[in-house]
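Peer 1: Take this sequence and fold it.
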Amino acid sequence: MILILAMVAMIVWALLEFSTRPTRKPLTEADVYEAMTGRKQCSKAKFLATDQFEAWTHCPSCGEFDCHAMREPLPWIRQDWLAWNSGRTAWIERNTWTQTITSWGGHTSKVIDSAPEYPIAEPVNETRFATIRICKCGKEWGQK
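Peer 2: Predicted coordinates:
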């Protein structure tokens, strides 16, 4: 009898301890950012950064509010874009494959030309901005 009461008491104690134990909240992006950088992430940072010039502003990437460093926009050089476009054209010509889909009667029903995406990014035109802001995290963005 004592053994049964002891077992019931242990089960009740275990259930009470389990139900009063604090639950873990799921990790969020802000928790991971804080663990990696040691700073709290501003949850509204992506909405606070604007393309209009402000002396003190939020970084659109990490959300830090600061008087970020600035540099002049790079000039737009037409030859850079023409070189990129000719390289892209040559890439597409080299890497395009054609797939022909035919029906049972032998008639061609569809021809698909496909090429992988060109791996080099298009040159950026920064001349529409008055200044380019630079954050400590490495993000650069333009402001008018």
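Peer 1: hang on, isn't residue 58 packed against residue 64?
Peer 2: Yes - counting by CB atoms under 8 Å, residue 58 touches residue 64, with 7.0 Å between them. (Glycine included, C-beta is placed from N, CA and C.)
Peer 1: Tell me which of those two has more neighbours.
Peer 2: Ranked by neighbour count (other CB atoms under 10 Å), residue 58 and residue 64 place residue 58 first, with 21 against 18.
Peer 1: what's across from the more buried one in the sheet?
Peer 2: Judged by DSSP bridges, the bridge partners of residue 58 are residue 65.
Peer 1: what's the weakest-modelled helix or strand in this protein?
Peer 2: None of the helices or strands of the chain scores lower by mean pLDDT, DSSP states H and E than helix 45-48, at a mean of 52.
Peer 1: which SS state does the spatially most central residue of the chain fall under?
Peer 2: When CA atoms, centre = their mean is applied to the chain, the residue found nearest the centroid is residue 61 (8.8 Å). The three-state assignment at residue 61 reads coil, by DSSP: H, G, I helix; E, B strand; the rest coil.
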